[in-house]
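**Student:** Quick check, what structure comes out for this input:
(2 chains)
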Amino acid sequence: MDMIEVKNVSFRYPQQEVLRDITFRIAPGRFLAIAGPNGAGKTTLLRLLNGMLKPTKGGITIDGEPMSRYNPRRLAHKIAVVRQDVLPSFAYSVYETIIMGRTCHFGPMGFESEADQQAVQAAMEATETTQFASRRLTQLSGGERQRVYIARALAQDTPILLLDEPTSFLDMRHQVAVFDLLKGLQKQRGITIIAITHNLNLAGQYCEEMLLLGPPGQYTIGPVRNILTAATMERFFHVKILQGHIGDVNFLLPVGRPNCDTGR
Amino acid sequence: MSVEKKGENRAVTTPLTPTKLILQVALGVVLLVGVMVLCCLVGTQEVSLRDVLKGPGTTEKPNLDYEIIVRIRLPRVLLASAIGLALAASGAVFQALLRNPLADPYILGVSSGAGLGAIIAVMSGIQWAVWWGSPVALFAFGGAMAAIWLVWMIGRAAGRGNMTSLLLAGVVVNAFLSAVIMFLISVAGSEHLQTTIFWLMGNLNAAALEDVRVIWLTLGLTMAGVFVLFLLGARLNIISFGDSDAHSVGVSVVIVQRIAFIVAGLITAVAVSFSGLIGFVGLIVPHAVRLLLGADHRRLIPLSAIFGGIFLMISDTFARIVVAPAELPVGVVTALVGGPFFLVLLVRYARRGHWGD
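**Tutor:** Next up is the predicted model:
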């Protein structure tokens, strides 16, 4: 059975069409990257996948069941979301933040059980955030906080993980670290991962599939090495791109025009 | 439990268990009762606890100390604790809902709504003998609820469930109703002026004190409200991050926001209907509790309630004695403490760029 099936999904805001007639499936345990130019609707698609938005047309099924049949609590047992880095309004500790991922498992009085605490411990170990446990979110760097948000989503203990640009604002070392972490989770726990990313070269190394979104009606999806080619990328991003490869992993280099006159 | 210390900052690392919370709440309640007893004993008239404990005395020779405590001071102290409880707990909740630690129950139009209701009652000179004697409280309650309803409807029309538009709606409704209040005060006859202004500044010397049952009812209602808000605590934690964060961990965001908003609004309305406008309690108390014990709303809401009660009892006792035999409106005392506190928060925010402690 397909874990996630997106069928003829269109979405428009009152003033603007964002997605038109998108269809794809993701099998359990796969790692899908979503890429595309700014404003192509990547985040909108992610919000459709986690039920925050409802498609204008078409439908999404999770485990064969239409999205509309899930209430938020049940959906939270299936899908966890890693948000972009944000500083909360209140100075929660790292522990307090990660345990929030267990909210859908709490009893009626809203207290964490033994199992919830164990899930938090495991998530902190997997993300190597145990050493921050006693710090507040405001005292962490952006990269450290990103790991805490990943830990929060892991603690939720779901078969599907959605990430919205998990490596933005991170330096190269931490970008690789995040992808390593995600790949490890995919292998060890068999989690299905869908991540929006602008880092095409890392996506090319770690993901199996890529969905490339363009203007409404234009998209392509397939094995990552078929998508990650100079020709396809030039069509979607409108810049000149050089392509190379190491083994069967493609690498792309956008070619600028540093010597050109500033358009005059 | 976390303690703020210079140079180091220990934050919460251990689970919040029901036992731990019950223990902390119980300690808070012991402190509350202790302060309550102290506040009853303090006043212009010296009272000895030993004499009070002798009981009411006889009809021919009543025990004066007992009468002062039981008939005059205790009801007032109880009312102060109920109102402080409501204001601080609803302050904590509004701050979570609006994701802004400077939000106060009044920002949502509750105060001016209650004020308008009270002024209409005073100026129309309505007198009837309902069981708490004064129509002012009833009108103020009606006004507060109407303002909350108005803010909610405007906020919803402007952007469904969008907390920023709710905040703006509150500011606008507040400004508009304040203008109406000022208009009414300008045209009011001088005989109503003092009552009105004294009410607007907040005081606990209300007609309600004549009937102790009203006070017990108020205390019961606000405590029930605080309990409902406490049950929403875990969900409010994640809602204070963002709507989509809350949605993705399985919270029915709009429903929780609605319940929290209505219940917090209700207990604020109950409180202001008796007390008039008492500012800053809903701002200072949750902030202090957050500094001492962390931001987890499961603990923040009940402990803010307890410390809100303590804070208002002390403020009111101060208001009673500081210019005796006259009395200050308690709203003046809380504003004198709260204003500078608010400024300190604002400067800290400007320096650090975040609200973190």
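**Student:** quick one: average pLDDT of stretch A:96-113?
**Tutor:** Averaged over stretch A:96-113, pLDDT sits at 91.
**Student:** Correction: the previous question concerned stretch B:182-195.
**Tutor:** 77.
**Student:** Check which residues of that stretch are buried.
**Tutor:** The neighbour-count check on stretch B:182-195 (16 or more other C-beta atoms under 10 Å in any protein chain shown) flags B:184, B:185, B:188, B:192, B:195 as buried. Just so you know, the C-beta spots here come from the backbone N, C-alpha and C atoms, and that holds for glycine as well.
**Student:** now swap in stretch A:86-96 and tell me
**Tutor:** A:88, A:89, A:90, A:91, A:92, A:93, A:94, A:95, A:96.
**Student:** give the contact list for the fifth one.
**Tutor:** So the one you mean is residue A:92. A:100, A:136, A:137, B:237, B:294, B:295, B:296 (C-beta atoms under 8 Å, 6 or more residues apart in numbering or on different chains).
**Student:** one step back: farthest pair within the buried residues of stretch A:86-96?
**Tutor:** Using C-beta to C-beta, the pair of those lying farthest apart is A:89 and A:95, separated by 18.2 Å.
**Student:** And the lowest mean pLDDT element among the helices and strands of chain B?
**Tutor:** helix B:190-201 (a mean of 72; mean pLDDT, DSSP states H and E).
**Student:** Follow the chain on from that one and name the next helix or strand.
**Tutor:** helix B:212-231 (DSSP states H and E).
**Student:** low-confidence ranges in the stretch 251-357 of chain B?
**Tutor:** B:352-357 (pLDDT under 70).
**Student:** Just the helices from it, written as ranges.
**Tutor:** B:253-275, B:281-293, B:297-321, B:330-352 (DSSP state H, counting those that start in this stretch).
**Student:** want to try a markdown table for these, with mean neighbour count as columns?
**Tutor:** Shown next, in a markdown table, are those (neighbours: other C-beta atoms under 10 Å in any protein chain shown):
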| stretch | mean neighbour count |
| --- | --- |
| helix B:253-275 | 23 |
| helix B:281-293 | 24 |
| helix B:297-321 | 26 |
| helix B:330-352 | 16 |
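**Student:** Please identify which of these is closest to chain A.
**Tutor:** helix B:297-321 (5.9 Å; C-beta to the nearest C-beta).
**Student:** how about the closest residue to residue B:121 other than its chain neighbours, what does it touch?
**Tutor:** Taking C-beta to C-beta, 6 or more residues apart in numbering or on different chains, and ignoring the residues beside it in sequence, residue B:121 has residue B:139 as its nearest neighbour in space, at 3.7 Å. Shown in contact with residue B:139 (C-beta under 8 Å, 6+ apart): B:117, B:118, B:120, B:121.
**Student:** Most neighbours out of the residues you listed, which is it?
**Tutor:** Highest neighbour count within the contacts of residue B:139, by other C-beta atoms under 10 Å in any protein chain shown: residue B:118, with 30 neighbours.
**Student:** so what secondary structure elements neighbour whatever helix or strand it lives in?
**Tutor:** Counting by DSSP H and E, the element that carries residue B:118 is helix B:110-124. Here helix B:110-124 touches helix B:135-158, helix B:163-187, helix B:190-201, helix B:253-275, going by 3 or more C-beta pairs under 8 Å, 6 or more residues apart in numbering or on different chains; DSSP states H and E.
**Student:** Which positions within stretch A:100-114 qualify as buried?
**Tutor:** For stretch A:100-114, by 16+ other C-beta under 10 Å, it's A:100, A:101, A:102, A:103, A:104, A:105, A:106, A:110, A:111, A:112.
**Student:** do the same with stretch A:228-246
**Tutor:** Applying 16+ other C-beta under 10 Å to stretch A:228-246 flags A:228, A:230, A:232, A:233, A:236, A:237, A:241 as buried.
**Student:** before we move on, which element is the last one in?
**Tutor:** Element membership of residue A:241 [criterion: DSSP H and E] is strand A:240-246.
**Student:** Residue numbers of the stretch 101-250 of chain A in contact with chain B?
**Tutor:** The stretch 101-250 of chain A comes close to chain B at residues A:101-104, A:106, A:108-112, A:116-117, A:133-139, A:156, A:162, as judged by C-beta under 8 Å from any C-beta of the partner chain.
**Student:** if we can go back for a sec, from the contact counts, what lies against the strand holding residue A:241?
**Tutor:** So strand A:240-246, by 3+ C-beta pairs under 8 Å, 6+ apart, packs with helix A:230-237, strand A:249-255.
**Student:** Would you map the strands across chain A?
**Tutor:** In chain A, the strands defined using DSSP state E lie at A:4-13, A:16-26, A:31-35, A:57-62, A:65-66, A:79-82, A:160-164, A:192-196, A:209-213, A:219-223, A:240-246, A:249-255.
**Student:** that older thread, rebuild the helices and strands packed on strand A:240-246 as a markdown table, extending it with mean pLDDT and distance to residue B:82.
**Tutor:** Formatted as a markdown table, the helices and strands packed on strand A:240-246 follow (pLDDT from 0 to 100; distance: least, C-beta to C-beta, whole Å):
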| stretch | mean pLDDT | distance to residue B:82 |
| --- | --- | --- |
| helix A:230-237 | 92 | 63 |
| strand A:249-255 | 89 | 66 |
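**Student:** mind putting these in TSV, distance to residue B:267 included?
**Tutor:** Shown next, in TSV, are the helices and strands packed on strand A:240-246 (distance: least, C-beta to C-beta, whole Å):
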stretch	distance to residue B:267
helix A:230-237	55
strand A:249-255	58
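**Student:** Mind pulling the model confidence for the residue of the stretch 151-300 of chain B found nearest chain A?
**Tutor:** The minimum distance from the stretch 151-300 of chain B to chain A, using C-beta to the nearest C-beta, falls at residue B:250 (2.9 Å). Residue B:250 carries a pLDDT score of 94 in this model.
**Student:** My understanding was that it contacts residue A:79; is that so?
**Tutor:** No. Taking C-beta atoms under 8 Å as the definition, residue B:250 is not a contact partner of residue A:79, at 9.7 Å.
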